[in-house]
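[1] predicted model and sequence follow; I will ask about them next.
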Amino acid sequence: MVVNKFHLSKVMIHLIFIISALACIVPLLLVVSISFTSEKSLMVDGYHLIPEVFDFSSYRYVFSGAGSITNAYGVTIFVTAVGTLLHLFVTSMLSYSLTRPEVTFRNALTLFVYFPVLFNGGLVPSYILITRYLHLKNTIWVLIVVYLVSAINVLIMKNFFKSISNSLFESARIDGSGEIRTFFSIALPLSKPSLATIGLFTAISYWNDWMTTALYIETPKLYTLQYLLQSLMNNIGYLQANAAASKSIEAAIGMLPSEGARMATCVLAIGPIILLYPFLQKYFEKGLTIGAVKE
Amino acid sequence: MKLIAKPIYNRTLRSARNQFPFYLMMSPGLLFIAVMCYIPMGGVLIAFKDYKARDGIWGSAWMDPLFKNFEFFFKSETAKIVTFNTLFYNIVEMVTVTLGALVLAILLSEVKNKFLSATYKGSILLPVFLSWIVVQYIVFGMLSVDRGIVNNIITSNGGEAIHWYSDPSYWRYILPFAYLWKNIGYYSVLYVAAIAGISTDYYEAAQLDGASKWQQVKYVTLPLLKPIIIVLCLLWVGKLFNGGLGDWNGFYTLSNDSGALYGATDVIDTLVFRSLKKLNDYGMSSAIGLYQAVVGFVLVLISNYIIKKTDPDSALF
């Protein structure tokens, strides 16, 4: 009796997880399936989890679409790579220095870093600052600048640097190493795991960001993948209603978004995340544990 | 006098010279924060001004009366709707995500098979990495009126197709469900890490006393997780007026920013974004933004006060 009950609860647990796992994966498969269905079949049969008529024309269409998707890919990859590197560079230097006991004003400066988390001026003042005073509107740099420093990541890195024994840095100093060299040749190599975690968090937020483009970018040349996707989605209803408008949007975006082509663009935007997924998952879990130590 | 003063002067100079490299390393980050975070704080003045791009912030005239931007907002029906929606969705999300994640985490730590455990974790974490735009596509694939998979199933069973994108009442359920779907993996894995940190001694002692699995959860796991649950919930409360984890994009994208759905989908952040981007109404959107920032700040202070009372080590400051 007891044995039976025990088995039943085990089966239940696995059943719950199989259902939740499917609930998380299947919706994504729907998008993939639509992207592989022929346009005619979509019109007649609607969306299905398994393509009724299998075909690659959506992808051919997307890649022939006057280079808009390849261009968006280029912009997104550049922003993600450069942004993440700069973020790691600035964040690690800042958080390392904030943990050094030699720095007299480190507590005040730490407060200076954290306070904006609690209170900020909101969207409008930043918008005016960036567009009217820094003149970053319609430049690729605005996409990088907005996520350059994050107080949360400074917090995570600071906790990490605190855990490194101070004697290591002391002995480097005695051996005649300058502070900056100590940072680059001792502190940075030691912090690889937390750099990897923070780098992944940051890369994901750069990759998935659409709002910055929506706010500051008007030239189609600088559209990121996510924004391209969003404008494809928003334009479709408008397009169907207005043939003249579709011409101008075609000129702006470079292709007329058919349903399958939109879903194909979406799949291409998720592609890199899926490819890097095992790596992502590993460091993500590690990062959560780093954060949990403080929280 | 001189004898005493000199070493102090030297020490200050030496310490300044020793510190210089650190300040050099901090300067890019501090400069960035000063420019991007502190300068806009002064910009809250715009909420009290009749902002004209041509005149700049200082040149623009003060509003007459001073609180006109706020008055306009608070007298409108919109103020009530967005404030209610912001509170409603965040509380619903906080409760559903916390409960769901706790259940999954406790069950997940019962799965002893390493491969299965990693596979389950991997699957429920997947939505965490997707952007809200991708989720928008998924929702559209399911709910599109003429082709969506849900309507396909309904009509093939002889039902009437549902117009999801024109009836706000469905979105009271769709939005919390989407947020649960997207966030549950993150919190589950977080709680699994916390459960893994609990010493096995407690469970062994409980088993010796004849505690069942359920009793172990109730008397060991949950009480030991209580501090972290409280902290995460209170952090959430503090972020209420930042749209919940600062993540309001879903409200904007999932509904395709459809005007017919605003009654159920509009939150403070989407309103600010829309009035800036589409209406170019600087005065009102910064007034709403300031309202949000002030309420958010007060909520953070209150949360922190409560955290300090219950668990001083977890306090933020």
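    Yep, that arrived.

[2] now do the phi/psi pair for the closest residue to chain B within the stretch 51-200 of chain A.
    Residue nearest to chain B within the stretch 51-200 of chain A (C-beta to the nearest C-beta): A:Pro125, separated by 2.4 Å. Glycine gets a C-beta too; all of them are placed from N, C-alpha and C. As for A:Pro125, its main-chain torsions (degrees, to the nearest 10) stand at phi -60, psi -40.

[3] that one: neighbour count?
    24 (other C-beta atoms under 10 Å in any protein chain shown).

[4] if I look at it, what pLDDT would I see?
    Turning to A:Pro125, the model gives it a pLDDT of 86.

[5] quick one, what contacts the nearest residue to it once chain neighbours are set aside?
    Closest residue to A:Pro125 apart from its sequence neighbours, by C-beta to C-beta, 6 or more residues apart in numbering or on different chains: B:Gly43 at 2.4 Å. B:Gly43 sits next to A:Gly121, A:Gly122, A:Val124, A:Pro125, A:Ser126, A:Ile128, A:Leu129, B:Ile57, B:Ser286 when contact means C-beta atoms under 8 Å, 6 or more residues apart in numbering or on different chains.

[6] for B:Met41, the count of nearby residues, please.
    17.

[7] do B:Lys75 as well
    9.

[8] with the one 10 residues further on instead?
    Residue neighbour count, defined by other C-beta under 10 Å, stands at 23 for B:Asn85.

[9] before we move on, what SS does the residue in chain B positioned nearest to chain A have?
    Residue of chain B nearest chain A, by C-beta to the nearest C-beta: B:Gly43 (2.4 Å). Assigned with DSSP: H, G, I helix; E, B strand; the rest coil, B:Gly43 falls in the helix class.

[10] what's the helix or strand for residue 71?
    All of this refers to chain A. helix A:68-99 (DSSP states H and E).

[11] chain B was what I was after
    Using DSSP H and E, B:Glu71 sits within helix B:68-75.

[12] helices of the stretch 51-200 of chain B, start to end?
    Here the stretch 51-200 of chain B has its helices, by DSSP state H, counting those that start in this stretch, at B:56-59, B:68-75, B:77-108, B:114-125, B:132-143, B:149-156, B:171-196, B:200-208.

[13] next SSE after the helix or strand of chain A with the lowest mean pLDDT?
    None of the helices or strands of chain A scores lower by mean pLDDT, DSSP states H and E than helix A:243-253, at a mean of 52. Using DSSP H and E, the helix or strand that follows helix A:243-253 towards the C-terminus is helix A:259-275.

[14] where does the chain dip in pLDDT?
    Chain wasn't specified; assuming chain A. Counting by pLDDT under 70, the ranges of chain A that qualify are A:1-6, A:65-67, A:235-257, A:287-295.

[15] switch to chain B, that's the one I care about
    Within chain B, the stretches with pLDDT under 70 are B:1-9, B:237-246, B:313-317.

[16] circling back to that earlier point, the residue of the stretch 51-200 of chain A closest to chain B: what's it in contact with?
    Per C-beta under 8 Å, 6+ apart, neighbours of A:Pro125: B:Ile39, B:Pro40, B:Met41, B:Gly42, B:Gly43, B:Val44, B:Ile46, B:Ser286.

[17] A:Tyr277 is in contact with B:Ser123, isn't it?
    No. Using C-beta atoms under 8 Å, A:Tyr277 makes no contact with B:Ser123, being 10.4 Å away.

[18] so among the contacts of A:Pro125, which ones count as buried?
    For those, a neighbour count by 16 or more other C-beta atoms under 10 Å in any protein chain shown gives the buried set as B:Pro40, B:Met41, B:Gly43, B:Val44, B:Ile46, B:Ser286.

[19] got the end-to-end distance for stretch A:159-177?
    End-to-end distance of stretch A:159-177: 24 Å, with C-alpha to C-alpha, to the nearest Å as the criterion.

[20] chain center to it, what's the gap?
    Here the centre of stretch A:159-177 is set off from its chain's centre by 33 Å, with C-alpha atoms, centre = their mean, to the nearest Å.

[21] B:Val92 reaches B:Pro176, doesn't it?
    Yes. B:Val92 lies in contact with B:Pro176 (C-beta under 8 Å); the separation is 4.7 Å.

[22] can you pull the contacts of A:Asp55?
    A:Phe36, A:Thr37, A:Ser38, A:Ser41.

[23] and the nearest residue to the first one once chain neighbours are set aside, how many neighbours?
    So that's A:Phe36. Spatial nearest neighbour of A:Phe36, excluding adjacent residues (C-beta to C-beta, 6+ apart): A:Pro51 at 5.0 Å. Using other C-beta under 10 Å, A:Pro51 has 19 other residues around it.

[24] ok, A:Pro51 - contacts?
    A:Ser33, A:Ile34, A:Phe36, A:Thr37, A:Ser38, A:Ser41.

[25] how does the chain divide into domains?
    This is for chain A. Domain ranges of chain A: A:1-55, A:68-215+A:276-294, per automatic domain parsing.

[26] nope, chain B
    Using automatic domain parsing, chain B is parsed into the domains B:2-62, B:77-314.
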